[in-house]
Every structure is written in C-alpha cells, then in structure tokens.
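S.K.: Predicted coordinates and the sequence they were generated for:
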2 protein chains.
Amino acid sequence: MTASLDLLGIGNAIVDVLARADDAFLSAQGMAKGTMALIDTAGAERIYAAMGPGIEGSGGSAANTCAVAAALGARVGFLGKVAEDELGRVFAHDIRATGVRFPTAPLAGGAPTARCLILVTPDGQRTMNTYLGACVAFGPDDVDEAEVASAGVTYLEGYLFDPPAAQAAFRKAAKVAHGAGRKVSLTLSDPFCVGRHREAFRDFVRAETDILFANEAELLTLYGTEDFAQAVAAVRQEVGLAAITRSEKGSLVVAGTDSHEVKAVSTEVVDTTGAGDAYAAGFLAAHARGLPLAECGRWGSVAAAEAISHFGARPQADLRALVGA
Amino acid sequence: MTASLDLLGIGNAIVDVLARADDAFLSAQGMAKGTMALIDTAGAERIYAAMGPGIEGSGGSAANTCAVAAALGARVGFLGKVAEDELGRVFAHDIRATGVRFPTAPLAGGAPTARCLILVTPDGQRTMNTYLGACVAFGPDDVDEAEVASAGVTYLEGYLFDPPAAQAAFRKAAKVAHGAGRKVSLTLSDPFCVGRHREAFRDFVRAETDILFANEAELLTLYGTEDFAQAVAAVRQEVGLAAITRSEKGSLVVAGTDSHEVKAVSTEVVDTTGAGDAYAAGFLAAHARGLPLAECGRWGSVAAAEAISHFGARPQADLRALVGA
C-alpha cells in the first residue's frame, strides 16, 4: 500500500523555555554544557527561579523534526503526550499550524505539559533541563497502529528511552512499522541518554533501525569507543543508512559500502537548539522525495543552518525556498 | 525625599504570542496593519486557530519599557494584573528576572492572564490583537501609593484608557505622584486607542503629563490635525517635555522653546514589536541619570534599534554595552 504519510514522529511533547545565560550560571547550577538532563518538579522550580527572562516556544526533538519536515513539504504526523493545560494547547496549536497531524489525546488530571528549560550561552550552545510531566503517561496505547502503518518512515527520538512506558511504545511502533513493510528511523538524541540505556540502544539499533541519526559524541558513546573511524565501521555493519552530524564539519552519510561527506552550511551561530532535529528533518524530507543521499544531506545542512541562525528550535524562514524545492 | 525608584510603570500585564503572517492574512482577518485591536474570548480563539506557529514571551507596553529601563541600570517597579495561571507565572518570572519590582497581587478565580496575538508581516511591522483578560480587574486599589510616591517618574501607558477600572487607577496614580512632587509620564500607545478616548487623553495630557511619548500618527490623532508642525506646536505649549518618534526618521525632543532632532540607529527591521516601548525606556533611563536631552534621545534610539533587530519585544542584547553606559 502506498504510504499516506511520509513521516510519523513519536517523541516527547515539550514546550521550551529559552533564556540566555553565561558559563558561570551553568557551573553554579551543576549543568553539563550542551547536554540534556532530566529534572523533577523541585528542580524545575529552582532553575526557573534562577534563570533570566525567557521566551516560550514549542519544542521536543521529534516534534521539531516533524515541524521542519512539514515546512519542507513532507506529509507528516506526530504522536506525543501533552496535558489539558495552557502549554498543551500551545504545543498542539503550533504543531498543527505547521500542517502536522497530531491525533494523540491530551492527558487529563495528571502531570502538566512537559517543559524544557534551555540555557543558551554566548557561544550559541544550548544546555537543556527537561521536566517530562505528561510525557511519562505516553504508552503503547497511544501508538495508533493505523497511523504507524500508513507512514513511510516512523521516526523515534532516543529521549523516549527515559520514560519507561514510552520505551514500550517505541518498541511497539517499530514492530508495527516493520510488520507493514515500512522503515524505522532513530535519533540517538544525547550522549548522556545513550549512556543511561546503552545496551537497549545497541539492541534497538541492530535489530530495528533502518535509518540512524547521531552526532559524533552519541555514536562514540553507543559503541564505547573514542575512535571515530571504528564507530563508523560499526554503524556501517549494523544499519542500512546512517547520517552522522559533526557540527561545523558537516555530516557523513553511510549506506552499505557507500559514504558521502556533506558540508555544513555556514551561518552565524545564535542558538544551536533544534539543529540536529532540523538536520534529520531535511534529510528525511528529501529522502521521501527519492532524492540522492548527498542531496538528502544537503537539505539537512540547510535546515540545520536555519535553526542555528535564530533563537528557538522551530523554523522562522521559508525553508522550501532555502533548499530550492 | 530622594526617590528610591527611578521609574514606576503602570500598564496591562500581557503575554505576547508572536507569529509570522502575510498581508493577505491581515486583510482576511480584517486587521488594520500596525495598530492594536481589542478582542474578546471568541475573537482570541478564532485568530489563534487561524494563525501560524507562535513563540510566547512577556509583553505589555509599560512592562516592556520597565524591563528595558532595568536592563539599562535604572531602578524600576511595575504595577499590573496577571491571573494565578501559567502565563501569569511566566509574566511575573520574566519581569522580576530583569530586576523589576512587581508587587501587584495576581487575580484569583477570574479571567486568565491577558495575551496579545501579534502578527509580524515580512516588512517587520507588527499588528496586535489584545485579549485583556485579568487586566480588566486592575483598579485604583492596585495603585500602591507608597510605590508611586517613591518613584521619580510614574509612567502610564495609554492602553490603560481601555479597561475602565484601569483608567481610574491611572488618574489616582497621577494624583499621588504629583502630590509627592514626582513626575508623570504618559505614552499615547496607539492612534486608534487615542481616537477611542480623545477628549480624555487631551485633558490628561494638558493637566497631568510632565513627559509625553508619542509617535507621529498618535500625536496627529490627539490634536485632530494632519499638520505635524501644528501638532508639535500644540504639544510644546501643553507639556514640559515631549519625545515624538518618527520611525526611520528618528525622533524629535521638544522642551519649552528647545528642540532636539535625534537620529534613528539604523538596523535590519525584523520585528517592530516593542520599539516604541524601548525608546521610552532608553530615554527615561538616561533622563534618570541626569543626562542631556539629546543623549536621552540617543539612548532611546539605541534601545529601539535593538528591539527592532529581533523577533519579540524584550531585549536580547547587552543594552548597557550598546549605549556605552
């Protein structure tokens, strides 16, 4: 059956709160720059009280990818759990306003909508603190089998390994997708997240992943090595198609014995929030059009550069014009 | 008695929801570009459903001015009404995080925190749709007399003429300020708002205003003329100090028989939201330091240019460095 969606993302449904901070603030708060840490209610209150004035915008890794892919003309759906509250309505509005199908029922009477407190340092790096809130209620029942079976690619964020019910949902989605003859794509999300669940990630990459996205640090953590060439050789054996992002060095696309080195698109670095998510979106939107792998990588680089050039994770420019589509 | 605050702002406490839109969207929604319209709950829901993905950030005209003046080193307080809800907590966090005193009690059990749906067109112009929510509950009892008496300048936004209880609060604040030997500053806010309450504005400018801020369109509306020179002559007679902003033509500062033409600071126009608010902040922060009027105007121009250069109303750069203070 022809896929009616190009891409179905499954991920944490999060509203970002972004503020500028200096490196001393990160140190004082015990944050590891450039990574994502999980925080509880008390931690969220403590960090929010200490941080500067913010701006709020819809986020979430796979959700960002979905919004960018839709902006690039792909047919996209998203599954993720918000609460029945103000931030949940903001999240739902924003993802639907980009043209993404978002059928997941909101959580009533439980934890509030998830938020991610993001500190952006003067070098443009983002450091994230995630309060998962309603996301912990996302489970296998939220995986709509018809939606998954209708999508050419089901895209899963590695962050879903953190909430236990989401990890089960994640495995169910992969099984349904493969049962329908579709592809499964995974992004490793964060080196600390990979470290927390390394064996589970290793198994899932080997057994269930057709298209893998990772940055260099995540790939090295996955394979427990400091040798990039060795990690690339390992991923080449285990996954049919992998795109490894390397910040200003661009990306490396690996498919069987093929390799494509893709240049980064240079831009002023304002805020790296969402850069990896945008890369995956550009790549997958081009891939859905049947474009060659080098062109998929170029779309990824263009989308990532747009994300980096402004404050916040979601696109602000006309992405179709930027890629020339 | 020496003032313990340089500036006390009184205004609507609003969270902005900004989205990009084209001119056709404004036409289809019946919006007058560049102005502010009041909307009810149904209007807010209709416009929000139609508009694109947004970003949320604290706003409100006088509140923006307070945040910018505090960023420039002034000692600042703000009075305005939020609700006890998520957006109210966002507003309170953001204004306090800039160092502004914000003592007004939130509204419990009434309307939600006010929001302003702002459409930013490709030319950088902003068109605003304000749902006043909890702001309509701001009244004379919220005007803390000790706060007003302690501030060198009490700054009132013209938008407060719209909610009736706020208009009464506004008059009380002016009376208390003058009774304590302090100055009262007013910004006219919006030509349509001036049009809705023209006689009341005329009386208030004549009788109670020491420092007036207006743009060209607002000043012409106030004096019912299309002749800028005639409007300037009228304001010169009625107010001790007036700063009239003229977009890319800069501003004109009028004080008795003195006039100072101030150049605009050129910048890429991304989003004009908060430009006038930032001008008033720069002007008043410099004025509180006893700087000459031309220098007050220059600080206003620098702060306005910073506001225009990014999406959103609140500052994103180090303003003290920009003015050289």
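M.R.: Sure thing, it's come through. Numbering: from 1, shown residues only, chains lettered A, B, ... in the order given.
S.K.: Now residue A:240: closest residue in space, sequence neighbours ignored.
M.R.: Leaving aside its sequence neighbours, residue A:240 sits nearest to residue A:210 (CB to CB, 6 or more residues apart in numbering or on different chains; 5.4 Å). The way it works is simple: take the backbone N, C-alpha and C, and place the C-beta from them, glycine included.
S.K.: I'd like to know how many residues surround the one you found.
M.R.: 18 (other CB atoms under 10 Å in any protein chain shown).
S.K.: go on, the one 10 residues further on?
M.R.: Burial measure for residue A:220: 18 neighbouring residues, criterion other CB under 10 Å.
S.K.: Also residue A:202?
M.R.: With other CB under 10 Å as criterion, residue A:202 counts 16.
S.K.: does it really touch residue A:219, like I thought?
M.R.: No. Residue A:202 lies out of contact with residue A:219 (CB atoms under 8 Å); the separation is 11.8 Å.
S.K.: list residues touching both of the two?
M.R.: Counting by CB atoms under 8 Å, 6 or more residues apart in numbering or on different chains, residue A:202 and residue A:219 have no common neighbour.
S.K.: can you give me the strands for the stretch 51-200 of chain A?
M.R.: For the stretch 51-200 of chain A, the strands defined by DSSP state E, counting those that start in this stretch cover A:55-58, A:76-79, A:114-120, A:126-131, A:151-157, A:183-187.
S.K.: So the third one, near chain B or not?
M.R.: Spelled out, it's strand A:114-120. No. Judged by CB under 8 Å from any CB of the partner chain, strand A:114-120 stays clear of chain B, getting no closer than 9.7 Å.
S.K.: Does that strand pack against any helices or strands, and if so which?
M.R.: strand A:14-20, helix A:41-50, strand A:126-131 (3 or more CB pairs under 8 Å, 6 or more residues apart in numbering or on different chains; DSSP states H and E).
S.K.: and of the ones you listed, who's closest to residue B:176?
M.R.: helix A:41-50 (31.9 Å; CB to CB).
S.K.: that older thread, using CSV, lay out the strands of the stretch 51-200 of chain A together with distance to residue B:311, mean pLDDT and mean neighbour count.
M.R.: Shown next, in CSV, are these (distance: least, CB to CB, whole Å; pLDDT from 0 to 100; neighbours: other CB atoms under 10 Å in any protein chain shown):
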stretch, distance to residue B:311, mean pLDDT, mean neighbour count
strand A:55-58, 9, 96, 25
strand A:76-79, 24, 98, 28
strand A:114-120, 14, 97, 25
strand A:126-131, 17, 97, 23
strand A:151-157, 26, 98, 26
strand A:183-187, 27, 98, 24
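S.K.: right, and those - which one's nearest residue A:175?
M.R.: Taking those one by one with CB to CB, strand A:183-187 is closest: 9.2 Å.
S.K.: For residue A:184, find the nearest of the helices and strands packed on strand A:114-120.
M.R.: Using CB to CB, the helices and strands packed on strand A:114-120 put strand A:14-20 closest to residue A:184, at 22.1 Å.
S.K.: For that closest one, which strands pair with it and how are they oriented?
M.R.: strand A:55-58 (antiparallel), strand A:114-120 (parallel) (DSSP bridges).
S.K.: Give me the distance between that strand and the centre of its chain.
M.R.: In this view, strand A:14-20 has its centroid 15 Å away from the chain centroid, taken as CA atoms, centre = their mean, to the nearest Å.
S.K.: Now do it and helix A:41-50, the angle between them.
M.R.: For strand A:14-20 against helix A:41-50, the angle by axes from the mean of the first three to the mean of the last three CA atoms, to 10 degrees is 40 degrees.
S.K.: pull the CA atoms of the very next helix or strand once past strand A:14-20 into CSV?
M.R.: Tracing the chain C-terminally past strand A:14-20 and defining elements by DSSP states H and E, one meets helix A:23-28 next. The C-alpha trace of helix A:23-28 is given here as CSV (Å, rounded to 0.1, in the frame of the first residue of the first chain):
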residue,chain,number,x,y,z
ASP,A,23,29.0,29.7,31.6
ALA,A,24,29.2,30.6,35.2
PHE,A,25,25.5,30.1,35.6
LEU,A,26,25.8,26.5,34.1
SER,A,27,28.6,25.8,36.6
ALA,A,28,26.7,27.2,39.5
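S.K.: ok, and what's touching the next helix or strand after helix A:23-28?
M.R.: Remark: after helix A:23-28, the chain's next helix or strand is strand A:36-38, criterion DSSP H and E. For strand A:36-38, the surrounding residues in contact (CB under 8 Å, 6+ apart) are A:31, A:116, A:128-132, A:159, A:162, A:189-190, A:192-193.
S.K.: repeat that with 6 Å
M.R.: A:128, A:129, A:130, A:190 (CB atoms under 6 Å, 6 or more residues apart in numbering or on different chains).
S.K.: next one: that strand to chain centre, how far?
M.R.: On CA atoms, centre = their mean, the centre of strand A:36-38 falls 14 Å from that of its chain.
S.K.: and if you look at stretch A:14-32?
M.R.: 20 Å.
S.K.: How far does that stretch stretch from one end to the other?
M.R.: Stretch A:14-32 has an end-to-end distance of 20 Å (CA to CA, to the nearest Å).
S.K.: Can you read off the pLDDT for residue A:88?
M.R.: pLDDT recorded at residue A:88 is 97.
S.K.: For the helix or strand containing residue A:299, name the packing helices and strands.
M.R.: Assigning secondary structure by DSSP H and E places residue A:299 in helix A:293-308. Judged by 3 or more CB pairs under 6 Å, 6 or more residues apart in numbering or on different chains; DSSP states H and E, the packing partners of helix A:293-308 are strand A:251-255, strand A:258-262, helix A:275-288, helix A:319-323.
S.K.: could you dump those to CSV with distance to chain B, mean pLDDT and mean neighbour count?
M.R.: Converted to CSV, these look like this (distance: least, CB to the nearest CB, whole Å; pLDDT from 0 to 100; neighbours: other CB atoms under 10 Å in any protein chain shown):
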stretch, distance to chain B, mean pLDDT, mean neighbour count
strand A:251-255, 26, 98, 21
strand A:258-262, 28, 96, 15
helix A:275-288, 14, 98, 29
helix A:319-323, 12, 93, 17
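S.K.: Let's have those in JSON lines, adding distance to residue B:145.
M.R.: Shown next, in JSON lines, are those (distance: least, CB to CB, whole Å):
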{"stretch": "strand A:251-255", "distance to residue B:145": "63"}
{"stretch": "strand A:258-262", "distance to residue B:145": "65"}
{"stretch": "helix A:275-288", "distance to residue B:145": "52"}
{"stretch": "helix A:319-323", "distance to residue B:145": "54"}
